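Participant: Give me the fold of what follows.
(one chain, ligands or ions: 1)
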Amino acid sequence: MNICIIGAGYVGLTTAAVLAELGHEVHCIDHDEQKIRLLNDGKIPFYEPGLEELITKNSNYLTFSGRWDYIKRASVIVICVGTPPRPDGSTDLRYIEAVLDRLAATVESYKTIVTKSTVPPGTNEWMRAELIGKGTAPHLFRIVSNPEFLREGSAVYDMFHPDKIVVGLEPDDDRSLAVIQGMYAGINAPYVTTSLTGAELIKYAANAFLAMKISFINEMARICDAFAVDVNDIAHGIGLDPRISPHFLQAGLGYGGSCFPKDIKALEHAARSRQVEPHLLKAVQTVNTTQLDLCLQKLHEQLAPLAGKKIAVLGIAFKPNTDDTRFSPAEALIRRLSESGCTVAAYDPKATLSEPLTRVTQVQSVHEAIQGADGLVIATDWDEFRTLDWGQVKAAMNGTLVFDGRNCLDRHAVEQSGLRYMGVGRP
Ligand code: NAD
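Facilitator: The predicted model follows:
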């Protein structure tokens with residue numbers, strides 16, 4: 001197939017590379033000229049394991065530009081532009097609107113228009129009406145909702161091995177499912193077909209459920225602290241029940257990233273727009289936004305006063321194996337420490353601080369970060385932090401506190417070297 005991807009971000013580039021690998025001719029359009037230049041130089045604008053290699057391997061079938069006339073050649077158009085949050089929690093659809101303007105001006109022959117961006121319930125139906133309103137003849141296109149479930153850090157693997165492919169169709173659309181099946185031919189996964197709005201809501205429900213698991217275990221961690229019980233024992237104990245499963249039961253600094261915070265807010269906003277009070281979604285967010293306060297309070301209790309202390313923070317990205325810092329709890333913690341008067345040496349294997357902060361320096365190694373530190377915080381659970389030589393860490397630090405903000409360390413290994421271990425819900 002000849003496929004046009006719009007938006008060369010985490011989702012768009014991964015989709016483009018995987019579809020090229022599956023044998024399609026893929027052109028990727030982005031309005032960010034610098035991004036396109038980088039891609040045409042054989043580089044990718046962010047860190048995602050395996051993606052650069054896959055793009056290089058398929059460079060004969062994968063092209064990049066800012067030129068919309070490529071749309072004319074494609075039979076399938078996949079929209080992967082960003083859908084950021086507005087201050088009131090609703091979704092800013094300006095990038096989707098800009099794409100619709102371009103499509104209305106360009107589409108002359110039949111296209112299957114696939115929305116991969118995460119959009120609020122009702123958006124795909126609205127997109128169809130907008131395109132018609134802008135003058136595109138209804139018989140020239142079908143809209144399909146095909147939300148994406150990949151995880152940054154394992155995006156390439158996830159796209160080759162999805163647990164499902166969700167396809168939302170217009171009620172009288174009897175041809176687009178076969179188009180989507182042709183596009184993904186070679187990927188083995190069950191298809192879930194539903195309405196356009198049904199597909200949109202499956203995506204939000206999935207993210208809301210995962211965020212709920214994280215807030216649940218973070219609330220359990222608070223209760224565990226009060227009863228002197230290790231929350232990791234609770235997570236292990238309940239996770240063995242297949243109805244619960246062990247995934248997403250790691251207490252810590254809370255969820256972040258470019259999806260969970262915005263998608264939970266967007267779902268809350270969508271519910272309210274139809275007079276549904278989203279009690280659970282509100283609670284999930286309250287636990288998450290207060291989780292950092294509790295972690296800072298713990299650090300304060302151990303190191304008071306925080307002002308003037310030197311803290312080494314390991315991790316800036318919102319999770320391991322990515323350089324993405326959008327809504328990163330690690331970066332939020334660094335900001336809060338700086339506001340408390342601490343001097344912070346922050347290290348991350350891939351991510352960079354998104355803004356300069358007072359008394360905060362980003363350093364190039366763990367070794368540099370921990371020199372003379374009064375306390376050490378694990379803020380992102382990169383593998384390389386789990387296996388540190390704690391004897392060497394003790395020798396380099398000034399103080400002895402290790403705060404495991406991701407509950408990812410072997411506490412005995414830390415304590416054996418004479419350091420003090422503090423986790424989240426691990427008294
Ligand atoms: P991103 O910000 O990394 O990429 C979006 C890209 O779209 C950017 O390169 C931007 O320049 C481009 N763009 C925006 N408007 C454009 C326009 N009018 N024309 C051409 N290019 C345009 O975003 P992302 O993380 O890839 O997310 C994209 C969508 O996928 C969002 O709706 C997001 O919620 C959803 N999603 C993201 C993930 C994830 O893990 N990142 C997972 C599932 C779904």
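Participant: For the stretch 251-400 of the chain, which residues are neighbours of the ligand?
Facilitator: Contact residues (Cβ under 6 Å from any ligand atom) of the stretch 251-400 of the chain with the ligand: Ser258, Cys259. Yep, even glycine has a C-beta here, placed from its N, CA and C like the rest.
Participant: for the stretch 251-400 of the chain, what spans make up the helices?
Facilitator: Using DSSP state H, counting those that start in this stretch, the helices found in the stretch 251-400 of the chain span residues 260-273, 279-303, 329-339, 366-370, 383-386, 390-396.
Participant: before we move on, what about the stretch 1-150 of the chain?
Facilitator: Under the criterion DSSP H, counting those that start in this stretch, helices of the stretch 1-150 of the chain are mapped to 10-21, 33-40, 51-57, 94-106, 123-133.
Participant: just those: most buried one?
Facilitator: helix 10-21 (a mean of 26; mean count of other Cβ atoms under 10 Å).
Participant: Neighbours of whatever residue of the chain ends up closest to the ligand, how many?
Facilitator: In the chain, no residue comes nearer to the ligand than Gly9, which is 1.7 Å away by Cβ to the nearest ligand atom. Gly9 has 18 neighbouring residues, counting by other Cβ atoms under 10 Å.
Participant: contacting residues for it?
Facilitator: For Gly9, the contact set (Cβ atoms under 8 Å, 6 or more residues apart in numbering) comprises Asp30, Phe46, Cys80, Val81, Gly82.
Participant: What of Lys350?
Facilitator: Tyr47, Ala317, Asn321, Thr322, Asp323.
Participant: Adding mean pLDDT, write the helices of the stretch 1-150 of the chain out as CSV.
Facilitator: Converted to CSV, the helices of the stretch 1-150 of the chain look like this (pLDDT from 0 to 100):
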stretch, mean pLDDT
helix 10-21, 98
helix 33-40, 96
helix 51-57, 96
helix 94-106, 97
helix 123-133, 98
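Participant: can I get the ones you listed in TSV with distance to Asp404?
Facilitator: Listed next are those as TSV, based on distance: least, Cβ to Cβ, whole Å:
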stretch	distance to Asp404
helix 10-21	28
helix 33-40	37
helix 51-57	30
helix 94-106	38
helix 123-133	40
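Participant: State the next helix or strand along the chain beyond the longest helix seen in the chain.
Facilitator: Secondary structure assigned by DSSP state H gives helix 196-227 as the longest helix of the chain. The first helix or strand that comes after helix 196-227 along the chain, using DSSP states H and E, is helix 231-239.
Participant: tell me the angle that next one makes with helix 196-227.
Facilitator: Helix 231-239 and helix 196-227 are oriented at 130 degrees to each other (axes from the mean of the first three to the mean of the last three Cα atoms, to 10 degrees).
Participant: Would you list the phi and psi of the closest residue to Thr194 other than its chain neighbours?
Facilitator: Distances taken as Cβ to Cβ, 6 or more residues apart in numbering put Gly168 closest to Thr194, at 5.4 Å, once the chain neighbours are dropped. When quoted as degrees, to the nearest 10, the phi and psi of Gly168 stand at phi -100, psi 130.
Participant: Please work out how many residues are found near Gly168.
Facilitator: Neighbour tally, Gly168, other Cβ under 10 Å: 26.
Participant: Are any of the contacts of Gly9 buried, and if so which?
Facilitator: Neighbour-count burial (16 or more other Cβ atoms under 10 Å) applied to the contacts of Gly9 gives Asp30, Cys80, Val81, Gly82.
Participant: and Ala228, how many neighbours does it have?
Facilitator: Ala228: 8 neighbours (other Cβ under 10 Å).
Participant: same deal with the one 3 residues further on?
Facilitator: By other Cβ under 10 Å, 26 other residues sit near Val231.
Participant: How about the contacts made by it?
Facilitator: By Cβ under 8 Å, 6+ apart, the residues touching Val231 are Ile217, Met220, Ala221, Cys224, Ala251, Asn407, Val424, Gly425, Arg426.
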